[in-house]
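S.K.: Here is my input; please provide its structure:
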Amino acid sequence: QVQLVESGGGLVQAGGSLRLSCAASGRTFSNYAMGWFRQAPGKEREFVAAISRKGGSTNYADSVKGRFTISRDNAKNTLYLQMNSLKPEDTAVYYCAAELYGSSSLWSTRQYTYWGQGTQVTVSS
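M.R.: Coordinates of the predicted model:
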């Protein structure tokens with residue numbers, strides 16, 4: 001199995017930027033499709049973005065399209081989420097997820113087997 005650890009969260013003003021990282025260990029990172037999800041207080045965990053195993057294909061939720069960019073560095077076993085033009089409604093705990101031999105089309109929490117512990121992102125208005 002693969003272990004995932006997120007980092008890079010914090011407090012930022014509206015309009016600002018943050019880059020989240022997700023470090024993977026335990027198995028061949030390039031065999032896993034990866035995704036980012038988020039969960040705001042009182043809400044269900046929702047899809048943010050996904051990327052294919054080699055990074056050639058990506059998929060985004062409409063709410064973040066054009067503002068967030070998902071990427072990966074398989075040599076460093078790391079997944080990234082660059083978040084620009086942040087809004088207060090982006091405030092949530094952000095989780096990375098992995099699925100063995102998956103694809104960038106995976107958008108549901110039920111489609112991912114492995115999860116990190118999450119990192120808090122707070123956007124002030």
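
S.K.: Let me know whether K54 touches N74 as I believe.
M.R.: Yes - K54 lies in contact with N74 (Cβ atoms under 8 Å); the separation is 7.3 Å. From N, CA and C alone the C-beta is placed, and that goes for glycine too.

S.K.: Between those two, which has more neighbouring residues?
M.R.: Higher neighbour count among K54 and N74: N74, with 16 against 10, using other Cβ atoms under 10 Å.

S.K.: Check the nearest residue to that one once chain neighbours are set aside and give its pLDDT.
M.R.: Sequence neighbours aside, S30 is the residue nearest to N74 in space, at 4.3 Å (criterion: Cβ to Cβ, 6 or more residues apart in numbering). S30 is assigned 95 on the pLDDT scale.

S.K.: try G56
M.R.: Confidence for G56, expressed as pLDDT, is 94.

S.K.: Report the separation between it and S105.
M.R.: Counting by Cβ to Cβ, to the nearest Å, the separation of G56 from S105 is 13 Å.

S.K.: Please say which of those two ends up with more neighbours.
M.R.: In this view G56 and S105 are compared by other Cβ under 10 Å, and S105 has more residues nearby, 11 against 8.
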